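>>> here's a sequence, model it:
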Amino acid sequence: MAVLLEAPGPRRPMSADERNRAPPPELLLPERYAMFAIEGGELPSDIAVVLLQPWSLCGLVPMPEAILAPVVSGASGDYVLGQDDLLRISSERFRILIVPCTFETSDECRNANNIFRQVSKHNDNSLLFLAFVLPEA
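Model (predicted):
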């Protein structure tokens, strides 16, 4: 069964400049996917993109609100979602979570396990979609 997700209210079409603008090449592949997904405000407000690696341009480029990225856990040293992000998920601010991933590294696999476990503990009403991003050739 296919479900079409429609944004509430009128949607603004993307301009040609917005469609043709590529995210900065310094971003990791899943980050570029995330930036493309939220470009132009096309996503409904209850959808977030969850990264499995920390935001690579931290301090240089602000991370958009609809992107959630892990931080280092002080206790274990593993990457997990921060408390603010978990509050937004548990309050059902974000009901649909899109997770772009390549699974090219063992770190990404381990982070996915940690983050999926966190999300399932904080909200069992969210839909979690994995978006497998093919590595660049």
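>>> all strands of the protein, in order?
Per DSSP state E, the chain carries strands over the ranges 47-50, 67-68, 71-72, 79-80, 96-101, 127-132.
>>> show me the one of those that comes nearest residue 120.
Residue 120 lies closest, by CB to CB, to one member of these: strand 127-132, at 8.4 Å. Bear in mind the C-beta positions are built from the backbone N, C-alpha and C, glycine included.
>>> quick one: contacts of that closest one?
Contact with strand 127-132 is made by 33, 95-103, 116, 119, as judged by CB atoms under 8 Å, 6 or more residues apart in numbering.
>>> what angle do strand 96-101 and the top helix by length along the chain make with each other?
Using DSSP state H to define each element, the chain has its longest helix at helix 106-122. Orientation of helix 106-122 against strand 96-101 (axes from the mean of the first three to the mean of the last three CA atoms, to 10 degrees) gives an angle of 170 degrees.
>>> return helix 106-122 as CSV; C-alpha atoms alone will do.
Provided in CSV are the C-alpha atoms of helix 106-122 (Å, rounded to 0.1, in the frame of the first residue of the first chain):
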residue,chain,number,x,y,z
SER,A,106,31.2,0.1,11.0
ASP,A,107,30.8,3.4,12.9
GLU,A,108,27.7,4.2,10.9
CYS,A,109,26.3,0.7,11.6
ARG,A,110,27.0,1.0,15.4
ASN,A,111,25.5,4.5,15.5
ALA,A,112,22.4,3.3,13.6
ASN,A,113,21.9,0.6,16.3
ASN,A,114,22.3,3.1,19.1
ILE,A,115,20.0,5.7,17.6
PHE,A,116,17.3,3.3,16.5
ARG,A,117,17.2,1.9,20.1
GLN,A,118,16.9,5.4,21.5
VAL,A,119,14.1,6.4,19.1
SER,A,120,12.1,3.2,19.9
LYS,A,121,12.4,4.0,23.6
HIS,A,122,11.2,7.5,23.3
